[in-house]
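Participant: need coordinates for the following:
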Amino acid sequence: MRFAFWKRFSLLFDGLLACVLVLVIESISRHSVLSALLFSVGSPLTFLYNALLIFTTLLILYFFKRRMFVRVIIAAFWLILGIINGCVLANRVTPFNFTDLKLVGDLFDMGNSKYLTTAEEAAVIIALVALSAFLVFFAIRGPKYQGRIHRIRSAVCVAALVFALPVITETAIQSDVLADYFGNLAEGYQEYGFVYSFAASAVDTGMSEPDDYSEETIAAIADSVETEETSIDTDDLPNIIVVQLETFIDPYELNFLAYSEDPIPNFRSLMENYTSGYLTVPVVGAGTANTEFEVLTGMGIQFFGLGEYPYKTVLKETVCESIADDLSQLGYGTHAIHNNGGNFYSRATVFSQMGFDTFTSKELMNITEYNEYGTWPTDGILVGETEKVLDSTEDKSDFVFTITVQSHGSYPTEAVLEDPEIEVAGGGTEEEQYQWEYYINELHEVDTFIGDLIAMLEERDEKTVVVLYGDHLPTMGLSDEDMNNGSIYQTTYATWNNFGLEKEDADLAAYQLLAYITDQLDIHEGTMFTYHQSAMKAGATEDASYVTDWELLQYDLLYGELYSYGGEQKYEASDLVMGVEEVVIASAEISGGREELVISGENFTPSSVVYLNGGAVETEYISENELRISVPDGAEGENTVVVCQVGSNSTVFRSSNEVSVRF
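Facilitator: Take a look at the predicted model:
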């Protein structure tokens, strides 16, 4: 009787189940049952739309005999997504979205980032094993539907609802029940629910063609751009060094903390003496690559899908005009430097699509020092790496894009610093206090790197301008009310130069930054950068047409017919070279009674791997001049030895010369 009742009203029960799942998911995501209840009562239509999406997936079960088992599988799927989002939001401001699934490899590449403790990792593994065991048991012993399965009728119902969903969605968007763009991703998830937001991030990728996109429209935009020709003499072009500072902010913008002394005196001096200002960035707490994308291209993240990372989507396959391309036209050498993995955010691929000549990632660096928490390399090594890049080109100006990593999260909730140089007060709970104390002292060390970088450049007899900016705020529950500037989407930028460039402060968006700086240098190159220069000079950046035309140009360059280039791609992916120093084997000699092979040479790093006869073997890093391997059993006769700089997924970034050795 009980099962007959369930059978008769199963659609109603599945509808109720969908509502319960949404309520549970929102409770987990918001870390509050009350907040989830307020969402369901305060935005009932939005709540029901989220339930409708889950209900649609539940209809799949009517194609199977073991309906209860399939029902449990679908419910578990949505609950796991909600749990992941809850865990993510416990460690960063940006919620879990579909693009994050494309970053799983990057998370493994980060290694010891400590986003999860060992205990938490063990708990996740135990939970997944338990769930798998339960599902296997339920698949074998669970109830089985005894009636006739009406597959055609079920298929018609599912198809009807699936085809109706776009109409319902568009109606909901037009009625402000939903939104198709979130200016603030975190707030969007809060307002419109996790299920809808995550689903939208899965299907809403790339850019849609603007309604008025045409060759005539693009030509009209090009005609409206008014900039001078680049007037600076080729022999007088300055080096341009842009430094993206990981999670770097002005600590005095936090209105609830106090410090024993200024944590960033070097950066403060630059702000006071050279062009500086606030920088509006597109992300908070995470998403470094999206700020980076805007700075390097002059394009906008806002035109892509919810939570999308262009580095992981369109730029993996599409050439994208960047500042590197534009400066290359003037004869610049273009270089990227980052003390993290070359594959992180697919940078080794993306920087080629952006036209860079070289990319020095951590695999090409002799990194030996890490921050006190042991999670990230310190940034001091970037001073020497920048100098190497500048020395690598002769009779040529350089554009160098340097990305730091030391102050990356997460931040310890226990005491790590025995004697912190900067004392911090006002952090809140004991755990929060430890986090803020650690973070502020990391900023102080990054500021030391800034001072050392400027000191190194001051000693060089080269005309140089430096631009430094923070990519986003840290993840520690910050809100607009916590900031003196009133926005968690504002960081700070500062500059330096050694040739008397006038101080002209301005508050900018990330996509405007290099257009503004190059304009000061009388450099007027590039589709996007000249567009922004023209609009800023005309005071038109607040006009509606500024954003509309900007979107049209971006679509044309990335997805359209390339009308801006006369219908043909103007740029090509570069033959990117990893690092600027050759990896050299000087000798390979047998040692230890034929048990070891000692490889001597130059520019070895902890990422160096010896390849014996074309195959990788376990390698012991001794120093930048020495590596060792064990002689394999049975190795006799002539053998070839090559040293490769290897990144994640066994990617070979650079190889040495080949030498022969006889065992």
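Participant: with just CA atoms, put stretch 448-465 into CSV.
Facilitator: Provided in CSV are the C-alpha atoms of stretch 448-465 (Å, rounded to 0.1, in the frame of the first residue of the first chain):
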residue,chain,number,x,y,z
THR,A,448,61.0,43.9,0.6
PHE,A,449,61.0,42.1,-2.8
ILE,A,450,59.6,45.3,-4.3
GLY,A,451,62.4,47.4,-2.7
ASP,A,452,65.1,44.9,-3.9
LEU,A,453,63.6,44.9,-7.4
ILE,A,454,63.7,48.7,-7.7
ALA,A,455,67.2,48.8,-6.2
MET,A,456,68.4,46.4,-8.9
LEU,A,457,66.9,48.4,-11.6
GLU,A,458,68.3,51.6,-10.3
GLU,A,459,71.8,50.2,-10.8
ARG,A,460,71.2,49.4,-14.4
ASP,A,461,71.9,52.1,-17.0
GLU,A,462,68.6,51.5,-18.8
LYS,A,463,65.5,53.6,-19.2
THR,A,464,62.8,51.7,-17.3
VAL,A,465,59.3,52.1,-16.0
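Participant: residues touching that stretch, excluding its own?
Facilitator: Applying CB atoms under 8 Å, 6 or more residues apart in numbering, the contact partners of stretch 448-465 are 236-241, 243, 245, 264-267, 270, 378-380, 382-383, 386-387, 390, 404, 406, 466, 468, 495-499, 501, 517, 521. In this view, the C-beta of every residue, glycine as well, is placed from N, C-alpha and C.
Participant: how about a cut-off of 7 Å?
Facilitator: When contacts are defined by CB atoms under 7 Å, 6 or more residues apart in numbering, stretch 448-465 is touched by residues 236, 238-241, 266-267, 379-380, 382-383, 386-387, 390, 466, 468, 495-499, 501, 521.
Participant: same thing with stretch 290-307?
Facilitator: Contact with stretch 290-307 is made by 97, 99, 181-182, 185, 197, 200-201, 204-207, 244, 281-283, 309-311, 320-323, 354, 401, 471-472, 510-511, 513-515, 528-529, 532, 550-551, 554, as judged by CB under 7 Å, 6+ apart.
Participant: just the ones of those in strands?
Facilitator: Within the contacts of stretch 290-307, residues falling in strands by DSSP state E are Q244, F401.
Participant: and the contacts of stretch 448-465, which are buried?
Facilitator: The neighbour count (16 or more other CB atoms under 10 Å) marks 238-241, 266-267, 379-380, 382-383, 386, 390, 466, 468, 495-498, 501, 521 as buried among the contacts of stretch 448-465.
Participant: picking up where we left off before, for PyMOL, what selects the buried ones among the contacts of stretch 290-307?
Facilitator: In PyMOL syntax, the buried subset of these is picked out as below (16+ other CB under 10 Å):
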select buried, resi 97+99+182+185+197+200+201+204+205+207+244+281+282+283+309+310+311+320+321+322+323+354+401+471+472+510+511+513+514+515+528+529+532+550+551+554
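Participant: let's see which of the contacts of stretch 290-307 end up in helices.
Facilitator: Those of the contacts of stretch 290-307 mapping onto helices are 185, 197, 200-201, 323, 513-515, 528-529, 532, 550-551, 554, per DSSP state H.
Participant: list just the nearest of those residues to Y252.
Facilitator: Comparing those against Y252 with CB to CB places L513 closest, at 21.5 Å.
Participant: that closest one and L279 touch, don't they?
Facilitator: Yes. Assessed by CB atoms under 7 Å, L513 is found in contact with L279 at 6.4 Å.
Participant: any residues in contact with both of the two?
Facilitator: What both L513 and L279 touch, as defined by CB under 7 Å, 6+ apart, is the set Y469, Y493.
Participant: which SS state does D633 fall under?
Facilitator: Counting by DSSP: H, G, I helix; E, B strand; the rest coil, the backbone at D633 sits in coil.
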